[in-house]
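Participant: For reference, the sequence and a predicted model appear below.
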Amino acid sequence: MSKKIKIGIVGVGNCASSLIQGIYYYKDKNPEDIIGLMHYEIGGYKPSDIEVVCAFDVDKRKVGKDVAEAIFELPNCTTIFCKDIPKTGTIVKMGKVLDGVAEHMKEYDEKYTFVVSDEPEATKEEIVRHIKESGCEILVNYLPVGSEQAVRFYAECALDAGVAFFNCMPVFIASDPMWAKKFEKAGLPIIGDDIKAQLGATITHRVLVDLFKKRGVKLERTYQLNTGGNTDFLNMLNRSRLASKKKSKTEAVQSVAAKRLPDENIHVGPSDYVPWQKDNKVCFIRMEGKLFGDVPMNLELRLSVEDSPNSAGVAIDGIRCLKLALDRGISGILEGPSAFFCKHPPKQYPDDIAYKMVEDFINGTGVEEVDEVSDISSGEGIEATA
């Protein structure tokens, strides 16, 4: 087994910045003093064993620079918690734009938005060749929400290059049976779709909905509104790019409810762009229901988190699970890791069961019994064993 996990990154934005900072931040930490990681070691691999060997972007401030520099370039605005990152020798290559940049973003000041490089766009053959020559094993997708064509393009590149795929964005690849079969047929593992933050809006909302169910409280209406000031929120001002994102977040909440709510009684999704918030995301959740004796109740919660670091620890765990799958010759959907790490996996499991599935996967054992699972293609709960 290789002692390193060689990854490629598509989209060197805030999430990539937090991921790479984290790789170095935890490098020399005493395991007993570790804060903020769900797992310090997975299958013998530590966060510092992850190495970025190739990267693609389209912004002129990042293309042609070492990733150690590119992650701190505008429009990135996430918290810098590990500033001293040595040169990696990995230069950000020009990728393919396709629908990766929303038209409306051209109307904003350069410090807030993407500035497409003048360099010629790379061809698919050039991207695949670079992935192969770099020694990459896992391609991590961090493209903007709504990049339907671009995500499918890079998924094809991963297949052609023979590397595993971690789809951190809400374009449905892992949860699309056609794509899932492609990766399984190619002998490659995949995790997806749409990364679920360590302690973010969606996971918090899911826990509360599950609490209502387990305590016998009837949930009648709920909303989750998010605001932020990074390029992700600016990009999502174009509501036409939000279809898959809204579906992903809504299904993540619906799947743990005692009974599916009518569409008009649930709203889960981005709300607005507030530039001065930068990478800080503020979430507002309201839940209305009835207690014993049909007595009404409601709950309101405000959550403030730095958006990109909130996903980085989950990404580090997902990457290491994909490496274990490669080491073990496992292909296709990694069901437990997808359910625990992502909002829109092929099958939705309650978080406590998904957590056990991940632990069993890491330990090389199977989940003996699963009481509940939701198939997102139908939105209905079914009985299953794994």
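Facilitator: Yep, that arrived. The structure displayed is predicted, hence computed values, not measured ones.

Participant: and the longest helix for this structure?
Facilitator: Ranked by residue count and defined by DSSP state H, the top helix of the chain is helix 309-328.

Participant: in the protein, which helix or strand is least confident?
Facilitator: Using mean pLDDT, DSSP states H and E, the weakest-scoring helix or strand in the chain turns out to be strand 380-384, at a mean of 35.

Participant: Without its sequence neighbours, what residue ends up closest to Gln21?
Facilitator: Counting by CB to CB, 6 or more residues apart in numbering, Gln21 lies nearest to Cys82, which is 4.0 Å off, once chain neighbours are set aside. The C-beta positions use only the backbone N, C-alpha and C, and glycine is treated the same way.

Participant: Surely that neighbour is in a helix?
Facilitator: No - if the criterion is DSSP: H, G, I helix; E, B strand; the rest coil, then Cys82 is coil and not within a helix.

Participant: can you tell me how far it sits from Lys323?
Facilitator: Noted for Cys82: a distance of 22 Å to Lys323, by CB to CB, to the nearest Å.

Participant: neighbour count winner among the two?
Facilitator: Comparing Cys82 with Lys323 by neighbour count (other CB atoms under 10 Å), the higher total belongs to Lys323, at 26 against 16.

Participant: List the buried residues for the host helix or strand of Met357?
Facilitator: Under the criterion of DSSP states H and E, Met357 resides in helix 351-363. Using 16 or more other CB atoms under 10 Å as the test for burial, helix 351-363 gives Asp351, Ile353, Ala354, Lys356, Met357, Val358, Phe361, Ile362.

Participant: now the helices for the stretch 151-300 of the chain?
Facilitator: Along the stretch 151-300 of the chain, the stretches classed as helices by DSSP state H, counting those that start in this stretch are 177-185, 201-214, 231-235, 243-254.

Participant: Which of those sits closest to Asn310?
Facilitator: helix 201-214 (9.5 Å; CB to CB).

Participant: And that closest one, how far out from the chain middle?
Facilitator: Its chain's C-alpha centre and that of helix 201-214 lie 19 Å apart, by CA atoms, centre = their mean, to the nearest Å.

Participant: what about Thr90, distance to Val12?
Facilitator: Remark: distance between Thr90 and Val12 (CB to CB) = 10 Å.

Participant: Compare these two (neighbour count), which wins?
Facilitator: Neighbours around Thr90 and Val12, counted as other CB under 10 Å, are more numerous at Val12. The numbers are 27 against 20.

Participant: low-scoring stretches of this protein, by residue?
Facilitator: The model of the chain has pLDDT under 70 over residues 1-2, 366-386.

Participant: what about Glu300, how many neighbours?
Facilitator: Other residues near Glu300 come to 9 when the count uses other CB under 10 Å.

Participant: who's in contact with the closest residue to it other than its chain neighbours?
Facilitator: In space, and not counting its chain neighbours, Glu300 is closest to Arg286: 5.1 Å by CB to CB, 6+ apart. Contacts for Arg286 (CB atoms under 8 Å, 6 or more residues apart in numbering) come out as Arg221, Thr222, Tyr223, Asn298, Leu299, Glu300, Leu301.

Participant: Mind listing the residues bridging to Arg286?
Facilitator: Tyr223, Glu300 (DSSP bridges).

Participant: before we move on, what about Ala55?
Facilitator: On the basis of DSSP bridges, Ala55 is bridged to Ile9, Val92.

Participant: picking that back up, correct me, but the residue nearest to Gln21 touches Ser18?
Facilitator: No - with contact defined as CB atoms under 8 Å, Cys82 does not count as touching Ser18 (9.3 Å).

Participant: circling back to that earlier point, what sits in contact with each of Thr90 and Val12?
Facilitator: In contact with both Thr90 and Val12: Ala55, Val67, using CB under 8 Å, 6+ apart.

Participant: Any chance of the helices of the stretch 151-300 of the chain in CSV with mean neighbour count and distance to Phe341 as columns?
Facilitator: CSV is the format used below for these (neighbours: other CB atoms under 10 Å; distance: least, CB to CB, whole Å):
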stretch, mean neighbour count, distance to Phe341
helix 177-185, 15, 16
helix 201-214, 19, 10
helix 231-235, 23, 18
helix 243-254, 21, 12
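
Participant: So which of those helices is nearest Asp272?
Facilitator: Shortest distance between Asp272 and these, using CB to CB, is found for helix 231-235: 7.5 Å.

Participant: mind checking how far the closest one is from the chain centre?
Facilitator: Computed by CA atoms, centre = their mean, the chain-centroid distance of helix 231-235 equals 15 Å.

Participant: Mind giving me the packing neighbours of that helix?
Facilitator: Secondary-structure packing of helix 231-235 (3 or more CB pairs under 8 Å, 6 or more residues apart in numbering; DSSP states H and E): strand 266-273.

Participant: Centre-most residue in the protein?
Facilitator: Ranked by distance to the mean C-alpha position of the chain (CA atoms, centre = their mean), the top residue is Ile195 at 2.2 Å.

Participant: Which strand residues bridge that one?
Facilitator: Under DSSP bridges, the beta-bridge partners of Ile195 are Cys342.

Participant: Quick check: it vs Val140, distance?
Facilitator: 10 Å.

Participant: list residues touching both of the two?
Facilitator: Each of Cys168, Ala315 lies in contact with both Ile195 and Val140 under the rule CB under 8 Å, 6+ apart.
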